[in-house]
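Asks: Requesting a structural model of the entry that follows:
(one chain, ligands or ions: 1)
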Amino acid sequence: MKIERLPLAGLAKIIPTRLGDHRGYFAEVFKDGWFRENVADVDFVQENESLSAAVGTVRGLHFQLEPFAQGKLVRCLAGRIFDVAVDIRVGSPTYGQWYGAELSKENGEQLWVPAGFAHGFATLEPDSVIFYKVTAPYSAENDRGLLWNDPEIGIEWPLPLDNAILSDKDTKQPKLADLPPSFQYR
Ligand SMILES: Cc1cn([C@H]2C[C@H](O)[C@@H](COP(=O)(O)OP(=O)(O)O[C@H]3O[C@H](C)C(=O)[C@H](O)[C@H]3O)O2)c(=O)[nH]c1=O
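Replies: Here you go, the predicted model:
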């Protein structure tokens, strides 16, 4: 596995090594000791999977409040997504800035999104499945969001999303300007 540090402090891309042979390939996609030493010294306590059937499905931007704030290690098992993290750590020099990466079954790349970021994605292919490990359990009471198309954040989604497919709650998320302070930058 290789790690690529990204412009927003704490964010990282992990590129597993695929060992190919005549049958296909083998790849180690997570190794606790390597992750703690090279990425973040965290415990993962839950694993999630979601299928989004249509191109142009947007899930996010989501985060959970402390003490249920979640770090997320995201990868795409089928299809292709544009995965986005937005820095919402008050005091961060990159507060309100976003980073996006294309994750796909084909590239096998993973995005590490530490607590303190809002996370979401848009699907670029039908039947896209994401799998992600999180560092805190789901807490509906502490589940919060940020508007996916807030012009102040200005995410450059790589496809037209005039008819984005969204959950009802994601159509009503607050804009960055209306977001109460959720995380302190450390
Ligand atoms: C996140 C979560 C949800 N749920 C239940 C709650 C709802 O009944 C149903 C769908 O939840 P939601 O619409 O929040 O699912 P997504 O829109 O995929 O949200 C997720 O997608 C974005 C990209 C994220 O980063 C978050 O991890 C997560 O919020 O699953 C659970 O039971 N456990 C969970 O951990």
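
Asks: which regions of the protein sit below the pLDDT cut-off?
Replies: Low-confidence regions of the chain, defined here as pLDDT under 70, do not occur.

Asks: spatially speaking, which residue is in the middle of it?
Replies: Nearest to the centroid of the C-alpha atoms of the chain, with distances taken as CA atoms, centre = their mean, sits residue 119, at 4.4 Å.

Asks: I'd assumed residue 64 was in contact with that residue.
Replies: No - the criterion here is CB atoms under 8 Å, and residue 119 misses it with residue 64 at 10.3 Å. Heads up, the C-betas are built off the backbone N, CA and C, glycines and all.

Asks: rewinding a little: the residue nearest to the centre of the chain falls within a strand, correct?
Replies: Yes - assessed by DSSP: H, G, I helix; E, B strand; the rest coil, residue 119 belongs to a strand.

Asks: How about the residues of the protein by the ligand?
Replies: Proximity of the chain to the ligand, by CB under 6 Å from any ligand atom, involves residues 48, 50, 59, 60, 62, 72, 119, 120, 121, 138, 167.

Asks: Quick one: the helices in this structure, in order.
Replies: 32-38 (DSSP state H).

Asks: Show me the beta-bridge partners of the closest residue in space to residue 124 that isn't next to it in sequence.
Replies: Beyond its immediate neighbours in the sequence, the residue positioned closest to residue 124 (CB to CB, 6 or more residues apart in numbering) is residue 80, lying 4.2 Å away. In this structure, residue 80 bridges to residue 104 when assessed by DSSP bridges.
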